[in-house]
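Peer 1: I'd like to go over a predicted model; first the sequence, then the structure.
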Amino acid sequence: MSLVLDENLRLGHPGIDRQHQEVLEQINKLSDKLTEGADDVEVRDVLDFLHTYADKHFFEEERLMKSCNYYGLYKQQKEHAQFKREIEGLQLMLRKKRPSIDLAHQVETSLFRYFVEHINGMDREFADYIKRNDL
Ligand SMILES: [Fe+2]
Ligand SMILES: [Fe+2]
């Protein structure tokens, strides 16, 4: 899978865009590892990294939101928590199942789609708020 942060997904905030790019790269990597039949340890490592990185990204985004009294903070926190639960669901699944194409498909439908929709929806709304208010 080679999904990149193209122009449509860029929000115009360099820090956030860079972090979104990294999350997408990790999702790609995870999907590739699953498709090519990498061993459990390798897949788990990528998934753990993705979990830690997503955590860091959400933490920074939420801190930025708090610092400018953003009205949509609570909605964002809920979606961020949901995304982390998706990752944790995959981590659990990997304890029972071997890496497979099925799991790769799940990564594409759950993680990737969820993240892209989140960027295009709530994160874009936040980026517009920053621009509108000159923050
Ligand atoms: Fe984000
Ligand atoms: Fe977000």
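Peer 2: Noted; the coordinates are in hand. Ligands and ions are numbered 1, 2, ... in the order given.
Peer 1: going forward, measure contacts and count neighbours with C-alpha atoms only.
Peer 2: Noted.
Peer 1: centre of the chain versus the worst-scoring helix or strand of the chain on mean pLDDT, how much separation?
Peer 2: Lowest by mean pLDDT, DSSP states H and E among the helices and strands of the chain is helix 101-106, with a mean of 82. Computed by Cα atoms, centre = their mean, to the nearest Å, the chain-centroid distance of helix 101-106 equals 17 Å.
Peer 1: now do the buried residues in it.
Peer 2: Buried residues in helix 101-106, counted by 16 or more other Cα atoms under 10 Å: 101, 103-104.
Peer 1: need the contact partners of it.
Peer 2: Helix 101-106 is contacted from outside by 30-32, 34-35, 37, using Cα atoms under 8 Å, 6 or more residues apart in numbering.
Peer 1: tell me which of the buried residues of helix 101-106 is nearest to Tyr53?
Peer 2: Closest to Tyr53 out of the buried residues of helix 101-106 is Ala104 (19.5 Å), distances taken as Cα to Cα.
Peer 1: got the buried residues for stretch 49-58?
Peer 2: 50-51, 53-55, 57-58.
Peer 1: save these as TSV, and put in pLDDT and secondary structure too.
Peer 2: Shown next, in TSV, are those (pLDDT from 0 to 100; DSSP: H, G, I helix; E, B strand; the rest coil):
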residue	pLDDT	secondary structure
Leu50	94	helix
His51	95	helix
Tyr53	97	helix
Ala54	96	helix
Asp55	96	helix
His57	97	helix
Phe58	98	helix
